[in-house]
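>>> Just a sequence and a predicted model for now, questions to come.
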Amino acid sequence: MRLGIDIGGTKTAAVAIGADGELSDLVRLPTGFGGPAVLSTARQVVRRMSELAGVDASSFDSIGIGIPGAVDTATGRVEHAVNLGLEGLDLGPRLSAELGVGVRVENDVKAAALGAHHLLGVADGVTAHSMAYLNLGTGLAAGIVLNGELLRGGHGVAGEIGHIPVDPAGVLCSCGQRGCLETLASGSAITRMWPTEHPLPARELFDLAESGDPRAVEVREQFLRGAASAVRLLALTTDVDDIVIGGGLAALGEPLLLGVRRILNEWSGDSAFLASTDLADRVQVIPLGFPAAAVGAALVGEPSWQNS
């Protein structure tokens, strides 16, 4: 049994994958802030999963963790995770020493890419197809699985397409550049373009756009063009079989998917080259509620992934 833990900015989720590939019930706990609190949250989750499985923590074959920020996958050290208050934490080694089982740590978006890849493989029976996971959350990033292997890159930044400038005269991005993709298609972009007191700005934006509000339509279309640009970028640079949209904004569901496909089809109508790539048919949105990062974290812990 492999245990996967997704440590997010507000909540931590965990799931176990049995030898038959079946998923256990999902466990969720609030995430603590700061190194000691994050470690404590991880311990609590492992303890709870052990109780549910009726085994000691050391009985898990492997434990994988997905966490936002810069991760050294070779050492299990989290170098930087500002939303969690972490600046250098040997998360993998410390948990491994305490629990008596190997613990692997991966960036959360890359872990989610593995989870989405696993889901597609279960659905179509093919495990080595190529896929890009486009995470639309507070920021924008991607995880890429080529021929069944996670692409990390020589410096660990493979998939950081949110910080590719697409408008040199655009707004200043948090990375210090101007006009990055993330400034067009992300939760933070919607917050900037659509200031509101509504607890779910993206949902309000899409609902009002659907009802015909002119300003909402304008902002929604700008967001959708940014998301479609990210899909096009991933397809033209990696030529993956599938592009799966996940992250918090994936909860928009069909309106998001249909909007992105509509933009891609409009572009394809003006370009025979783009039309030949079938972009719209290759994009989908991850099913609501599927714990992609936790499932991917469980897979990260597998020995077969350790040298990928």
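Now that the structure is in, tell me what you want to look at.

>>> what about the helices in this structure?
With helices called from DSSP state H, the chain shows them at 35-53, 91-99, 108-124, 187-193, 201-210, 214-238, 254-270, 272-275, 279-282, 292-300.

>>> Using a markdown table, lay out these together with mean pLDDT and mean neighbour count.
For the C-beta atoms, the positions are set from N, CA and C on the backbone; glycine is no exception. A markdown table is the format used below for these (pLDDT from 0 to 100; neighbours: other C-beta atoms under 10 Å):
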| stretch | mean pLDDT | mean neighbour count |
| --- | --- | --- |
| helix 35-53 | 93 | 17 |
| helix 91-99 | 94 | 18 |
| helix 108-124 | 88 | 24 |
| helix 187-193 | 96 | 18 |
| helix 201-210 | 98 | 18 |
| helix 214-238 | 97 | 19 |
| helix 254-270 | 98 | 17 |
| helix 272-275 | 97 | 13 |
| helix 279-282 | 96 | 19 |
| helix 292-300 | 94 | 31 |
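
>>> Let me have those in a markdown table, adding distance to I161 as columns.
Converted to a markdown table, the helices of the chain look like this (distance: least, C-beta to C-beta, whole Å):
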| stretch | distance to I161 |
| --- | --- |
| helix 35-53 | 27 |
| helix 91-99 | 26 |
| helix 108-124 | 11 |
| helix 187-193 | 14 |
| helix 201-210 | 20 |
| helix 214-238 | 6 |
| helix 254-270 | 15 |
| helix 272-275 | 18 |
| helix 279-282 | 15 |
| helix 292-300 | 18 |
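
>>> nearest to S130, of the ones you listed?
With C-beta to C-beta as the criterion, S130 lies closest to helix 214-238 of those, at 7.1 Å.

>>> Give me the packing partners of the closest one, helices and strands only.
If you count contacts as 3 or more C-beta pairs under 8 Å, 6 or more residues apart in numbering; DSSP states H and E, helix 214-238 packs onto strand 131-136, strand 140-146, helix 187-193, helix 201-210, strand 242-246, helix 254-270, helix 279-282.

>>> closest one to V105 among those?
Taking those one by one with C-beta to C-beta, strand 140-146 is closest: 14.8 Å.

>>> Strand partners (parallel or antiparallel) of the closest one?
strand 131-136 (antiparallel), strand 149-151 (antiparallel) (DSSP bridges).

>>> Show me which of these has the highest average neighbour count.
Most buried of the strands paired with strand 140-146, by mean neighbour count (mean count of other C-beta atoms under 10 Å): strand 131-136, with a mean of 30.

>>> Give me the residues contacting that one.
The contact list for strand 131-136, computed with C-beta atoms under 8 Å, 6 or more residues apart in numbering, reads 109, 112-113, 116-117, 120, 140-145, 159, 185-187, 227, 230-231, 234-235, 238, 240-250, 292.
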